[in-house]
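Chemist: Would you be able to build a 3D model of this:
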Amino acid sequence: QNEIGPYMFYNCTKLNKVHYEEENQYHFEVISERAFYNCDALTAEEYENIAGKTVEIGDEAFRACDGITGTIKIGNNVTNLGTYVFADCSNIEAVNIETQHITEIPNGTFYKNTKLEDITESNTITKIGDRSFYNCESLSTEEYNDIRNNITSIGDYAFSGCTSFEGEITVLNIVNELGDYVFSRCSNIQSVVLQHNYTKIPNGTFSNCTSLTNVTKPESVTEIGDKAFYNCTSLNMEEYNDISENISVFGKSSFENCTSLEGALTIKSIVENVGESAFLNCTNISEIVFEENAGTQIFGDKSFYNTAKNQTEYRVHSNGGTTVYSKVFTNAEEVWFDDTNYNVTRDYKWYGDSSANPIVHYGDCKHYIDIVCTLPGISLVNPDTLEELSSEFIDCEDTFKFKLVIDDNYVEKYSDLAIKVVSEGKYSNSDLVEEYLEIENGRTYTFENVTRNKQIIVLAKEDGTDLVLRTFISQKNGRDLYVGK
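Modeler: Here you go, the predicted model:
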């Protein structure tokens, strides 16, 4: 059989000539996987003698053959080309793909061909596989423009590390499949045009494109993938504002370490999810502004951490539920959440490095006061109208006043009375979390800037011990609230 089997000359580093004695010819129809892997002494001329009429070339067949230099061709008989066939061939400078029988450049074909400058491919090729030109440092923008013409699909990391790509790169409208990290580490690209109506900029697409200053995308894009613009240190706020138009989802680390973003960062009302570390270490952002009338919003771990480091007050205008995870902010001391259902979920130190829990205002700045009188003959009244107070909502920053009134039904053996103020919820004004106030008949008492749900309970007290305070559970807004015992 006219075939070179798998691994036949694997790591034969001094091999420089092969021929098939019986047939007195050099050409082999099948060259199997890793047949000449790491055959450093094999030259371009000998490759041509071996593979000139080959029909099938297996995976990694000529990988790491550094002796193959200059120009090579993939002959017109080839019907099956494996993956990583010429990977790590660091001295190939040009490739002529003659065959009309293949429709893709398979995964890793020219992986780390650092001297590759020129590709001539047939018009049958419509797909570039994963890592096909990974780290091809000598491949230019002009050559990319020649390669792209009939391409409809570009795989993951296809051009990652192509540092000779300069100026503007255009992804044509016919490219309907764009993989992850396609142009990552292309550190000299300055401008990108995406023509196709994508709905998402894929994960890592421009990660570590440190010279990138301009991105043109279609209006159809609503999601920025994980690390899509990670470490794009030249991207400024004006360009970010253009990119973020219509975006509702920011993936993990999508703009992490974008240090040229300066001034105020606006999170638009259409935003639903800001992923973990999305704006981490954007150290020149001075302020984070949340647009009003937003819907449900999620802010992942460290989404704004080490960003706007001097900002201490935040107003988050989401309604219908807000999820705030660990160290979202850097140093929050006072935060307003426009969440009328109080459906705010928090995690460990969500407010950042502030030494104390911040003052937090919830909902539309109205909070529930649950008035519980545990003793007969006791009531709380409005000191101005003397009308008896009942449980109610009050404005967050309003002052809540009441007067204690004792009537004839009071049992006189309870000589000492107290008000217990209980604040449900982990993050609240610390001085209002739980406290006792000694009270007197007819005296007016005041609580200012009430935050979170409060239960105001009248009880008898003797030597600091509760004598008559019932145990019960009540439910507000569909959630159980433990009141006291």
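
Chemist: Please make it C-alpha for all contacts and neighbour counts, starting now.
Modeler: Noted.

Chemist: All the helices of this protein, in order from the start?
Modeler: 44-51, 141-147, 237-243 (DSSP state H).

Chemist: Of those, flag the one that's most buried.
Modeler: Sort the helices of the chain by mean neighbour count, taking mean count of other C-alpha atoms under 10 Å, and helix 44-51 sits at the top with a mean of 19.

Chemist: Just the CA coordinates for that one, please, in PDB.
Modeler: The C-alpha coordinates for helix 44-51 follow below in PDB (Å, rounded to 0.1, in the frame of the first residue of the first chain):
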ATOM      1  CA  ALA A  44      10.800  21.900   1.600                       C
ATOM      2  CA  GLU A  45      12.200  20.100  -1.400                       C
ATOM      3  CA  GLU A  46      11.900  16.700   0.300                       C
ATOM      4  CA  TYR A  47       8.400  17.600   1.500                       C
ATOM      5  CA  GLU A  48       7.500  18.200  -2.100                       C
ATOM      6  CA  ASN A  49       9.000  14.800  -3.200                       C
ATOM      7  CA  ILE A  50       7.000  13.000  -0.400                       C
ATOM      8  CA  ALA A  51       3.700  14.900  -0.700                       C
END
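
Chemist: And it, what does it pack against?
Modeler: strand 70-74 (3 or more C-alpha pairs under 8 Å, 6 or more residues apart in numbering; DSSP states H and E).

Chemist: returning to that earlier point: looking at the helices of the chain, which is closest to residue 169?
Modeler: Among these, helix 141-147 comes nearest to residue 169, with 7.0 Å by C-alpha to C-alpha.

Chemist: Check the gap between the residue of the chain most remote from its centre and residue 234 for me.
Modeler: In terms of distance from the mean C-alpha position of the chain, residue 408 ranks first, at 64.7 Å (C-alpha atoms, centre = their mean). In this structure, residue 408 and residue 234 are 77 Å apart, going by C-alpha to C-alpha, to the nearest Å.

Chemist: Quick one: low-confidence residue ranges for the chain.
Modeler: 1, 20-26, 339-348, 356, 361-367, 395-398, 410-416, 421-442, 447-454, 460-485 (pLDDT under 70).

Chemist: if we go to 90?
Modeler: The chain contains residues with pLDDT under 90 at 1-3, 17-28, 49, 52-53, 122, 149, 292-296, 315-326, 332-485.

Chemist: Nearest residue to the middle of it?
Modeler: Geometric middle of the chain (C-alpha atoms, centre = their mean) lands on residue 252, at 1.3 Å.

Chemist: In contact with it: list those residues for me.
Modeler: 225, 226, 227, 274, 275, 276, 277, 278 (C-alpha atoms under 8 Å, 6 or more residues apart in numbering).

Chemist: hmm, try it at 6 Å
Modeler: Contact analysis of residue 252 by C-alpha atoms under 6 Å, 6 or more residues apart in numbering lists 226, 275, 276, 277, 278.

Chemist: Scan those residues and report the most crowded one.
Modeler: Greatest neighbour count in the contacts of residue 252, by other C-alpha atoms under 10 Å, goes to residue 278: 31 neighbours.

Chemist: Tell me how many other residues surround the nearest residue to that one once chain neighbours are set aside.
Modeler: Distances taken as C-alpha to C-alpha, 6 or more residues apart in numbering place residue 253 nearest to residue 278, at 3.9 Å, with adjacent residues excluded. For residue 253, the neighbour count with other C-alpha under 10 Å is 29.

Chemist: Residue 253 and residue 316: what is the separation?
Modeler: Taken as C-alpha to C-alpha, the span from residue 253 to residue 316 is 21 Å.

Chemist: again, but for residue 140
Modeler: Distance from residue 140 to residue 316, counting by C-alpha to C-alpha: 46 Å.

Chemist: Looking at these two, which is more packed in?
Modeler: Remark: of residue 140 and residue 316, residue 316 carries more neighbours, 22 against 17, as counted by other C-alpha under 10 Å.

Chemist: Okay, and the beta partners of that one?
Modeler: residue 337 (DSSP bridges).

Chemist: want to throw the helices of the chain into a markdown table with distance to residue 92?
Modeler: A markdown table is the format used below for these (distance: least, C-alpha to C-alpha, whole Å):
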| stretch | distance to residue 92 |
| --- | --- |
| helix 44-51 | 9 |
| helix 141-147 | 15 |
| helix 237-243 | 38 |
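
Chemist: In space, what's closest to residue 233 - neighbours in sequence excluded?
Modeler: Nearest non-adjacent residue to residue 233 (C-alpha to C-alpha, 6+ apart): residue 258, at 4.7 Å.

Chemist: Kindly report the same for residue 29.
Modeler: Nearest non-adjacent residue to residue 29, counting by C-alpha to C-alpha, 6+ apart: residue 54, 4.2 Å away.

Chemist: Just confirm residue 54 contacts residue 28, I think it does.
Modeler: Yes: if you go by C-alpha atoms under 6 Å, residue 54 and residue 28 touch, sitting 5.4 Å apart.

Chemist: Could you check how far residue 175 is from residue 373?
Modeler: 70 Å.

Chemist: and if you look at residue 208?
Modeler: Distance of residue 208 to residue 373, given as C-alpha to C-alpha: 63 Å.

Chemist: Tell me which of the two has more neighbours.
Modeler: Applying other C-alpha under 10 Å to residue 208 and residue 373 shows that residue 208 carries more neighbours, namely 26 against 17.

Chemist: what sits against the more buried one?
Modeler: By C-alpha under 6 Å, 6+ apart, residue 208 lies in contact with 184, 185, 230, 231, 232.

Chemist: how about a cut-off of 8 Å?
Modeler: Going by C-alpha under 8 Å, 6+ apart, residue 208 touches 184, 185, 186, 187, 229, 230, 231, 232, 233.

Chemist: between the residues you listed, which is closest to residue 212?
Modeler: residue 232 (6.4 Å).

Chemist: List the contacts of the closest residue to the closest one other than its chain neighbours.
Modeler: The shortest distance from residue 232 to any non-neighbouring residue, by C-alpha to C-alpha, 6+ apart, is to residue 210 (4.6 Å). By C-alpha under 8 Å, 6+ apart, residue 210 lies in contact with 185, 186, 187, 188, 231, 232, 233, 234.

Chemist: hang on, the last one packs against residue 262?
Modeler: In this case it means residue 234. No: contact status for residue 234 versus residue 262: not in contact, 10.9 Å apart, counting by C-alpha atoms under 8 Å.

Chemist: Now do the strands in the stretch 301-450 of the chain.
Modeler: Counting by DSSP state E, counting those that start in this stretch, the stretch 301-450 of the chain has strands at residues 313-316, 322-324, 334-337, 344-346, 359-361, 366-373, 378-381, 392-395, 399-406, 417-423, 434-438, 444-448.
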